[in-house]
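Novice: Sequence first, predicted model second:
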Amino acid sequence: MPPAQQRYDLVIAANRLPVDKVVSESGEESWQRSPGGLVTAMESVMRNQPGAWVGWAGGTGPAEEPFDLDGMHLHPVGLSVEEVRDFYEGFSNDTLWPIYHDVIVPASFHRDWWATYRQVNARFAEAVADVAAPGARVWIQDYQLQLVPALVRRLRPDLRIGWFNHIPFPPVELFAQLPWRGQLLEGLLGADFLGFQRQADAQNFVRACRQLLRVATKGDTVAVDDGSRRRVRASAIPISVDFKGMEDLAQQPSVVARAHELRESVGNPRVLMLGVDRLDYTKGIRHRLKAYEELLAEGKVSPPEVTFLQVATPSRERVEAYQHLRSEIEQTVGRINGDHGEIGAPAVHYLHHSYPREEMAAFFQAADVMLVTPLRDGMNLVAKEYVTCRYDLGGALVLSEFTGAWHELHQAFACNPHDIEGLKQAILRAINTPTKEKQRIMRSLRRRVSQHDVQRWAKRYLAALDAAPERPGTAS
Ligand code: ADP
Ligand code: F6P
């Protein structure tokens, strides 16, 4: 074990570190922010409290040495080429991800992927056990690390172990398809407390334990059948954004100026519509483009008066379903522009890049209508970020009912993305509702997000973890 001064009272374990190592073509190494909502949220939590973050640095090969960054202690876990393929791209993102998102694309089941998932989870558990101080709190994140709670408990029974799922937890009928469903549930039940985005996710988990493990459940707790007579609680604690930090950023004069510049560079439309997503089939990008294409064809909107900017972050580019999605989206964008664009005035501006936070804040401020149309999404922080950046009370949020965010942001222009007619109507309502009414809506959306920010989320989560029943033999 490392010396005592290198052990921490709070340890986060997430598949990714907040930064990825990138190696340029000339061989130069640098660190860049990792993609996704988990990193956005956990980074703002961990910047403000001492602790270690155990995670993968994005490349292949042996782990880098632990290092400090912006007040966080980062402890890399290495993955081999085969592990990236079988654990990350395979089991995590081609087996679990589709099952946990309503099987929007079919899931693949491979026994060797599962073996690698177990192997990598064991490595994460060992890294956590190495850096955690006696009696420390360990906060394990997301679906990539579902075996880690039980593995850590075995290695370090003195630790208090929590897990939070950033994505949905599926209904038992879908979860039951997993050949390794029992082991996954037992892995999670190694925790003292399990957090989910929505009440329905927590209930799905409890039901899965009851039906598939045949253990006793009562309300939101599950009795653990390992001789310890523990009960594990599964509750909803929805994640959020750093409201103050992002609002301050959005108010910076350089960001405000950049928002104006962005509008000018897309031709100063009366209505700029925006989509911002990882390029993922769960996000409903195809549905949103279809609705927009039909509105164009029907003459209900037309460029350059109305235009649409889609920012798509590259994601999981070696997984087949993501490759198909990318080519489909890019073909659709090409077709829409061919049919409806003019020279210098495309109907869709499409950007396939990652941007710094300042640029994201400027995009949000520039957009009159934000289209958040996932078919299924654990939360969707983009929706909350948009609202956070609209301190001017401008803009309108079109929000899918299938996001966790919708359960908190009911006043938004709701849509069912499968219902293309309904989605078109929601878009038109977001464009045409009088400004005063839109400001009233934006004010109430902002109130919700400001009062339920990521700092509050982390406090609530850690309080729930601390309040979990003492384990037999560990009470002081
Ligand atoms: P997910 O976790 O599935 O990616 P979320 O909406 O919860 O979805 O979180 C996405 C996060 O990634 C947000 O913080 C958003 O601002 C950020 N993001 C999305 N697209 C980009 C991009 N092109 N460049 C930089 N950050 C991005
Ligand atoms: O919250 C969903 C999530 O899968 C996170 O676990 C992950 O960090 C993020 O989206 C981005 O995905 P990936 O790490 O596969 O690039």
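Specialist: Done, it's in. Ligands and ions are numbered 1, 2, ... in the order given.
Novice: remind me which residues of the chain are low pLDDT?
Specialist: Confidence mapping of the chain against pLDDT under 70 gives the ranges 1-5, 470-476.
Novice: per-domain residue ranges of this protein.
Specialist: As assigned by automatic domain parsing, the chain contains the domains 4-239+457-466, 243-451.
Novice: Same list (these) but as CSV, adding mean neighbour count.
Specialist: To be clear about C-beta, it is placed using only N, CA and C from the backbone, and glycine gets the same treatment. Shown next, in CSV, are those (neighbours: other Cβ atoms under 10 Å):
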stretch, mean neighbour count
domain 4-239+457-466, 19
domain 243-451, 19
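Novice: I'd like those domains as JSON lines, with distance to ligand 1 appended.
Specialist: Shown next, in JSON lines, are the domains of the chain (distance: least, Cβ to the nearest ligand atom, whole Å):
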{"stretch": "domain 4-239+457-466", "distance to ligand 1": "2"}
{"stretch": "domain 243-451", "distance to ligand 1": "4"}
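Novice: So which of the ones you listed is nearest ligand 2?
Specialist: Closest approach to ligand 2 among the domains of the chain is made by domain 4-239+457-466 (2.4 Å; Cβ to the nearest ligand atom).
Novice: residues touching N165, list them.
Specialist: By Cβ atoms under 8 Å, 6 or more residues apart in numbering, the contact set of N165 is 142-143, 194-197, 201, 378.
Novice: and if you look at H340?
Specialist: 293, 296-297, 302-303, 347.
Novice: try M246
Specialist: 357, 361, 385, 388-389.
Novice: out of those residues, which one sits closest to Q211?
Specialist: E385 (37.3 Å; Cβ to Cβ).
Novice: which SS class is that closest one?
Specialist: Following DSSP: H, G, I helix; E, B strand; the rest coil, the label given to E385 is helix.
Novice: Hmm, it is touching V241, no?
Specialist: Yes - E385 lies in contact with V241 (Cβ atoms under 8 Å); the separation is 5.5 Å.
Novice: Need the overlap of contacts for those two.
Specialist: T40.
Novice: hmm, back to that, quick check: which of the contacts of N165 are also close to ligand 2?
Specialist: D142 (Cβ under 6 Å from any ligand atom).
Novice: got CSV for the contacts of N165, with secondary structure too?
Specialist: Converted to CSV, the contacts of N165 look like this (three-state DSSP):
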residue, secondary structure
D142, coil
Y143, helix
L194, strand
G195, strand
F196, strand
Q197, coil
D201, helix
G378, coil
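Novice: can you name the two of the contacts of N165 that are farthest apart?
Specialist: With distances taken as Cβ to Cβ, the most widely separated pair in the contacts of N165 is L194 and G378, at 14.0 Å.
Novice: circling back to that earlier point, now for the contacts of M246: which two are most distant?
Specialist: Farthest apart among the contacts of M246 by Cβ to Cβ are R357 and T388. That separation is 11.7 Å.
Novice: need the residues of the stretch 151-300 of the chain near ligand 2, please.
Specialist: Residues of the stretch 151-300 of the chain lying near ligand 2 (Cβ under 6 Å from any ligand atom): 166-167.
Novice: Could I get the full set of strands for the stretch 151-300 of the chain?
Specialist: 160-164, 193-196, 217-218, 221-223, 231-236, 271-278 (DSSP state E, counting those that start in this stretch).
Novice: Reformat those as JSON lines; add distance to L393.
Specialist: Shown next, in JSON lines, are the strands of the stretch 151-300 of the chain (distance: least, Cβ to Cβ, whole Å):
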{"stretch": "strand 160-164", "distance to L393": "32"}
{"stretch": "strand 193-196", "distance to L393": "32"}
{"stretch": "strand 217-218", "distance to L393": "45"}
{"stretch": "strand 221-223", "distance to L393": "43"}
{"stretch": "strand 231-236", "distance to L393": "29"}
{"stretch": "strand 271-278", "distance to L393": "17"}
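Novice: Show me which of the contacts of H340 is closest to N268.
Specialist: Closest to N268, out of all of the contacts of H340 and judged by Cβ to Cβ, is P303, at 11.9 Å.
Novice: need the contact list for that closest one.
Specialist: Per Cβ under 8 Å, 6+ apart, neighbours of P303: 267, 269, 296, 340-342, 345-347.
Novice: Ok, D142 next?
Specialist: By Cβ under 8 Å, 6+ apart, the contact list for D142 reads 14-15, 38, 164-167.
Novice: Which of those fall in helices?
Specialist: In helices, judged by DSSP state H, the following of these are found: L38.
Novice: Nearest to H353, out of the contacts of D142: which one, please.
Specialist: Nearest to H353 among the contacts of D142 is L38, at 20.0 Å by Cβ to Cβ.
Novice: so the closest one makes contact with R16?
Specialist: Yes - counting by Cβ under 8 Å, L38 does reach R16; the two are 7.1 Å apart.
Novice: The helix or strand hosting E358: what's the following helix or strand?
Specialist: In this assignment (DSSP states H and E), E358 forms part of helix 357-366. The helix or strand immediately downstream of helix 357-366 is strand 369-372, counting by DSSP H and E.
Novice: just checking, what packs against that following strand?
Specialist: Packing partners of strand 369-372 (3 or more Cβ pairs under 8 Å, 6 or more residues apart in numbering; DSSP states H and E): strand 271-278, helix 381-389, strand 396-400, helix 420-432.
Novice: ok, now how distant is the residue nearest to E43 when sequence neighbours are not counted from E421?
Specialist: Take E43 and drop its neighbours on the chain: the residue closest to it by Cβ to Cβ, 6 or more residues apart in numbering is P18, 4.6 Å away. Distance, P18 to E421, using Cβ to Cβ, to the nearest Å: 41 Å.
Novice: What of V103?
Specialist: Per Cβ to Cβ, V103 is found 25 Å from E421.
Novice: Same question for G58.
Specialist: Computed as Cβ to Cβ, the G58 to E421 distance reads 42 Å.
Novice: need the contact list for T403.
Specialist: Per Cβ under 8 Å, 6+ apart, neighbours of T403: 372, 374, 376-377, 379-380, 383.
Novice: In TSV: those residues, plus distance to ligand 2.
Specialist: As requested, the contacts of T403 are exported to TSV (distance: Cβ to the nearest ligand atom, whole Å):
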residue	distance to ligand 2
V372	15
P374	12
R376	12
D377	9
M379	8
N380	10
A383	14
